[in-house]
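[1] Compute the structure for the input listed below.
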Amino acid sequence: MEKVLQDMRLNLDDVSMLLRSKDVFSVADVEYGILEPNGSLSVLKKAEKETVTRQDMNIQPQNPNHLPTEIITDGKLVQRNLRELNLDRGWVEQQLRMQGIHSIEKVFYAEIQKDGSLYINPRE
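    This is a model prediction of the structure:
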């Protein structure tokens, strides 16, 4: 490994940084690595270090109802996004009231989450 690193003009700090960019924090987790011509690193993790997927666990993925979409920014409704979601001001006000917020202007940011719920960040 030392000879290869010298030939590539890399040091161990460079390799560690490239690995971390691939969410690998230990060289011991790597089965095989390829330094690509563009300078990026492709990594094949050891089988026992691979991330488990829903498919591995036989869990059916849930399709999101929505893409996360902002509907209030800085106390103002984002009308275009509401129209795209087929929602209106009344729906937003009702959702806010359920959270104890009685004015759109009192919300710094709000977005519809992928499951259809509303994330609200009130003004302080």
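[2] which residues in this structure form helices?
    For the chain, the helices defined by DSSP state H occupy 2-8, 12-20, 79-84, 89-98.
[3] can you list the ones you listed in TSV and add mean pLDDT?
    TSV is the format used below for the helices of the chain (pLDDT from 0 to 100):
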stretch	mean pLDDT
helix 2-8	80
helix 12-20	90
helix 79-84	93
helix 89-98	94
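[4] could you redo the ones you listed as CSV and give each row mean neighbour count and distance to Val107?
    C-beta coordinates here come from the backbone N, C-alpha and C atoms, glycine included. What follows is the helices of the chain, written out as CSV (neighbours: other C-beta atoms under 10 Å; distance: least, C-beta to C-beta, whole Å):
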stretch, mean neighbour count, distance to Val107
helix 2-8, 10, 52
helix 12-20, 14, 37
helix 79-84, 13, 14
helix 89-98, 14, 7
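[5] do you know which of those lies nearest Pro37?
    Pro37 lies closest to helix 2-8 among these, at 11.4 Å (C-beta to C-beta).
[6] On the pLDDT front, check Pro64 for me.
    pLDDT, Pro64: 61.
[7] correction: Ile101
    At Ile101, the model reports a pLDDT of 95.
[8] Per the annotation, how does this protein divide into domains?
    What automatic domain parsing lists as the domains of the chain is 2-49, 69-122.
[9] what ranges do the strands span in the protein?
    Applying DSSP state E to the chain gives strands spanning 30-35, 41-45, 69-73, 76-77, 107-112, 118-122.
[10] between the ones you listed, which gets nearest to Gln95?
    Among those, if distance is taken as C-beta to C-beta, the winner is strand 118-122, at 5.0 Å.
[11] Now the closest one: buried residues?
    Under the neighbour-count criterion of 16 or more other C-beta atoms under 10 Å, strand 118-122 has Leu118, Ile120 buried.
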